[in-house]
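*Asks:* Turn this into a structure:
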Amino acid sequence: MGSRPPRSEPPVRTASPRRRSPYRGYVYVLPAFAVYLAFAVLPALHTAYLSLFEWDGVTLGDWVGLGNYQEILQDSILRRSVFNALVLVVFFSFVPIALGLAMTGLLARYRRPGMGAYRFLFMLPQVVPLVAVGVTWRWLYGDDGLVNQALGAVGLDGVTRAWLGDFGAALIAVGLVGTWVLSGLCMMLFLSGVQKVDPHLYEAARLDGAGPVREFVSVTLPHLRGELAVAMTVTTVAALASFDIVYVTTNGGPGEQTTVPGLLVYRLAFSEGKVGLAAALAVVLGCLILAIVYLINRLSRSES
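*Replies:* Next comes the predicted model:
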């Protein structure tokens, strides 16, 4: 009698994996988006809406359309404030980035004991409140302040002056305060970027006879494009939206030599009762910041 063929077992059905909804990730983003919408987007839209009215903040406003924006273009003080902010970009952005690159080249190449202390000292202005920074520099720039005392000690008594009260030097003096505050931040950003550079690239450059400058330009600088974009964005926004340092040191004086848009927005809204005009200036300032940040990001991406 022949053996019976073994009975085949029915195939085991495995449970198919559940398809995840493509919108599931948005659920996790929703709380943060709700906060951003409530505290950033809606106030910005409301500011743009107020900029279309002539309003003192108390009574009913009158619709003026784009009249506030026309006044910004025609008012010399408002135009001057925007120009002053662009001048501060040089001292708040370009100079700190240049100094940060120089300090990064020195600290990264010539490593010595105690470098942590140098980094702490350079970063110290970032942890000090800007109001305290402004008060300190206002004293340093005074008639008998440390700056004039140092100039007198080296025989430059003819150069001494009330720096924050001088029409020709006040804006530069305020800009140098921003340079002191932001140089350490730029240096720390660049030092963090240097850590990702392959040490073998430096060895290869030295074998090819590259000196310190050539090594920095050819090896270090190309690897800092991302950090440069971040530093330029942060410092440019700090310059265009500056308020604390200017308010504490000069309050826009002498005359309107150091008046910036942030200070004017405060004055127009809370001192002069021109909330609509202040909102229009804030909108212009915000658009200017967004345009410059967008340009910086486009340039950094094209170079990379």
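
*Asks:* and the gap between residue 147 and residue 169?
*Replies:* Applying Cβ to Cβ, to the nearest Å, one obtains 11 Å for the distance of residue 147 from residue 169. C-betas here are computed from N, CA, C, even on glycine.

*Asks:* confidence score at residue 11?
*Replies:* For residue 11, the model assigns a pLDDT of 59.

*Asks:* related to what we said a few turns ago, are there residues contacting both of residue 147 and residue 169? Which ones?
*Replies:* Counting by Cβ atoms under 8 Å, 6 or more residues apart in numbering, the contacts common to residue 147 and residue 169 are residue 163.

*Asks:* helices and strands around the helix or strand of the chain with the lowest mean pLDDT, which ones?
*Replies:* The weakest-scoring helix or strand in the chain, judged by mean pLDDT, DSSP states H and E, is helix 115-127 (a mean of 79). Contacts defined by 3 or more Cβ pairs under 8 Å, 6 or more residues apart in numbering; DSSP states H and E place helix 115-127 against helix 95-109, helix 170-194.

*Asks:* lowest-confidence stretch among these?
*Replies:* Mean pLDDT, when computed for each of the helices and strands packed on helix 115-127, is lowest for helix 95-109, at a mean of 86.

*Asks:* tell me what it is packed against?
*Replies:* Against helix 95-109 (3+ Cβ pairs under 8 Å, 6+ apart) you get helix 115-127, helix 170-194, helix 212-215, helix 225-240.

*Asks:* change it to 6 Å
*Replies:* helix 170-194 (3 or more Cβ pairs under 6 Å, 6 or more residues apart in numbering; DSSP states H and E).

*Asks:* Just the buried positions in the helix it packs on, please.
*Replies:* 170-171, 173-191, 193-194 (16 or more other Cβ atoms under 10 Å).

*Asks:* again with stretch 218-235
*Replies:* Neighbour-count burial for stretch 218-235, counted by 16+ other Cβ under 10 Å, picks out 219-221, 223-224, 227-235.

*Asks:* Show the pLDDT at the closest residue to residue 175 other than its chain neighbours.
*Replies:* Excluding the flanking residues, the one nearest residue 175 by Cβ to Cβ, 6 or more residues apart in numbering is residue 91, at 2.9 Å. pLDDT recorded at residue 91 is 95.

*Asks:* Ramachandran angles for residue 91?
*Replies:* phi -80, psi -30 (degrees, to the nearest 10).

*Asks:* dump the residue contacts of it.
*Replies:* Residues near residue 91 by Cβ atoms under 6 Å, 6 or more residues apart in numbering: 175, 178, 179.

*Asks:* Over to residue 50?
*Replies:* Residue 50 neighbours (Cβ under 6 Å, 6+ apart): 276, 279.

*Asks:* same deal with residue 187?
*Replies:* 100, 103, 104, 122.

*Asks:* now, the most widely separated pair of these?
*Replies:* The span of the contacts of residue 187, defined through Cβ to Cβ, is set by 104 and 122 at 10.2 Å.

*Asks:* what about the two, which has more around it?
*Replies:* Neighbour tally, residue 104 and residue 122, criterion other Cβ atoms under 10 Å: the higher count belongs to residue 104, 24 against 20.

*Asks:* re the thing from before, output the buried residues of stretch 218-235 as TSV; include the columns pLDDT.
*Replies:* Shown next, in TSV, are the buried residues of stretch 218-235 (pLDDT from 0 to 100):
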residue	pLDDT
219	84
220	83
221	86
223	84
224	87
227	90
228	91
229	90
230	91
231	93
232	93
233	92
234	93
235	94
